[in-house]
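[1] structural data only, the sequence is not supplied:
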């Protein structure tokens, strides 16, 4: 699988995670959102940045968001134990 790497700059240092035990799937409710769009939206909300580990677009491209060994910001109560994947429609 080809993962498209990004160069996102996060507002804060991201905390490390050991071994995720689940995957949480999200839906962007937006047909053309990019990693940069979502990163900007999350920063505008006062968050550290892109909260998911991956974004999969409707054409099947897989973009890296947060590094896989860091805690996400996508599902309260499960961020420390899961990878977050966001899909566009």
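    Perfect, I can see it now. Values in this document were obtained by computation on a predicted structure and should not be read as measured data.

[2] where does the spatially most central residue of the chain land in three-state SS?
    The centroid of the chain falls nearest to residue 52 when counting by CA atoms, centre = their mean (1.6 Å). The local conformation at residue 52, judged by DSSP: H, G, I helix; E, B strand; the rest coil, is coil.

[3] read off the pLDDT value for it.
    Listed pLDDT for residue 52 reads 97.

[4] let me know whether it touches residue 41 as I believe.
    No. The criterion here is CB atoms under 8 Å, and residue 52 misses it with residue 41 at 11.7 Å. For the C-beta atoms, the positions are set from N, CA and C on the backbone; glycine is no exception.

[5] confidence score at residue 67?
    Listed pLDDT for residue 67 reads 94.

[6] from residue 20, how far off is it?
    Using CB to CB, to the nearest Å, residue 67 is found at 12 Å from residue 20.

[7] is residue 73 in contact with residue 43, as I believe?
    No. Residue 73 is beyond contact range of residue 43, at 11.4 Å (criterion: CB under 8 Å).
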